[in-house]
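Dropping a prediction and its sequence here:
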Amino acid sequence: HKDIHLADAKTLSSLLALSAGKVTKGQAAHHMPDIVVEVSKKSSANLIRTVGNGMAEPVHDMTNRLLAQCMSQSGLTKVYRKLMRHTGTIINLRSFPELGGLPFHQIYKGFEDAVVCGLIRDNKPIFHPPLAETFLETDKLMLIADKHSHR
């Protein structure tokens, strides 16, 4: 029990260090990357959201869910390892306001050298949205592509 509380306290401490000097959510969005942090307890999630000032999204028990998924799907570990190394092919989050108003069936076809796997809307990931879903100017695309592509 003590280790669980200590892990969440260390996460909170790291987040406070990263967000030092960031006053508003708008400033954090322009000057700091979005951060996904794992929390051991669901009760820590709200505190992380508040302290993160809009730049942190807590997830609960992600490691255990990924391990279970990797055990049931052969080869998935290699895919995650490659994507998480942050070299070569990675998951990119990019803004494309010029695509605002287009349905996803057009956006999916528009990237020859990337795989569109979803979007971020209102700071929430949406994996594989319906093909008829309309992309908003404020949305970000999640692309599996080369690290330095689609900037």
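Yep, it's here.

Show me the shaky parts of the chain.
Counting by pLDDT under 70, the chain shows low-confidence ranges at 1-4, 19-34, 54, 60-62, 83-88, 147-151.

I'd assumed residue 59 was in a helix, is it?
No - secondary structure of residue 59 (DSSP: H, G, I helix; E, B strand; the rest coil): strand, not part of a helix.

Go ahead and confirm it touches residue 42.
No - applying C-beta atoms under 8 Å, one finds residue 59 not in contact with residue 42, separated by 10.3 Å. For every residue, glycine as well, the C-beta is placed using N, CA and C.

of the two, who's got more company?
residue 59 (13 against 10; other C-beta atoms under 10 Å).

Please report the distance of the more buried one from residue 15.
In this view, residue 59 and residue 15 are 13 Å apart by C-beta to C-beta, to the nearest Å.

shared neighbours of the two, anything?
Common contact partners of residue 59 and residue 15 (C-beta atoms under 8 Å, 6 or more residues apart in numbering): residue 37.

So which residue is smack in the middle of the chain?
Residue closest to the average C-alpha location in the chain (C-alpha atoms, centre = their mean): residue 36, at 6.1 Å.

can you map out the helices along the protein?
Using DSSP state H, the helices of the chain run over 2-19, 25-31, 42-51, 62-72, 76-84, 104-109.

Turn the ones you listed into JSON lines, including distance to residue 92.
Output for these, formatted as JSON lines (distance: least, C-beta to C-beta, whole Å):
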{"stretch": "helix 2-19", "distance to residue 92": "21"}
{"stretch": "helix 25-31", "distance to residue 92": "17"}
{"stretch": "helix 42-51", "distance to residue 92": "24"}
{"stretch": "helix 62-72", "distance to residue 92": "20"}
{"stretch": "helix 76-84", "distance to residue 92": "11"}
{"stretch": "helix 104-109", "distance to residue 92": "14"}
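
Compare these and give me the one nearest residue 138.
helix 25-31 (10.9 Å; C-beta to C-beta).

Residue 122: what's it in contact with?
Residue 122 neighbours (C-beta under 8 Å, 6+ apart): none.

Can you tell me how far it is from residue 116?
19 Å.

just residue 74 next, same as before
In terms of C-beta to C-beta, residue 74 sits 25 Å off from residue 116.

Quick check: closest non-adjacent residue to residue 123.
Once flanking residues are discounted, residue 123 sits nearest to residue 57: 6.4 Å by C-beta to C-beta, 6 or more residues apart in numbering.

Alright, that wraps it up for me.
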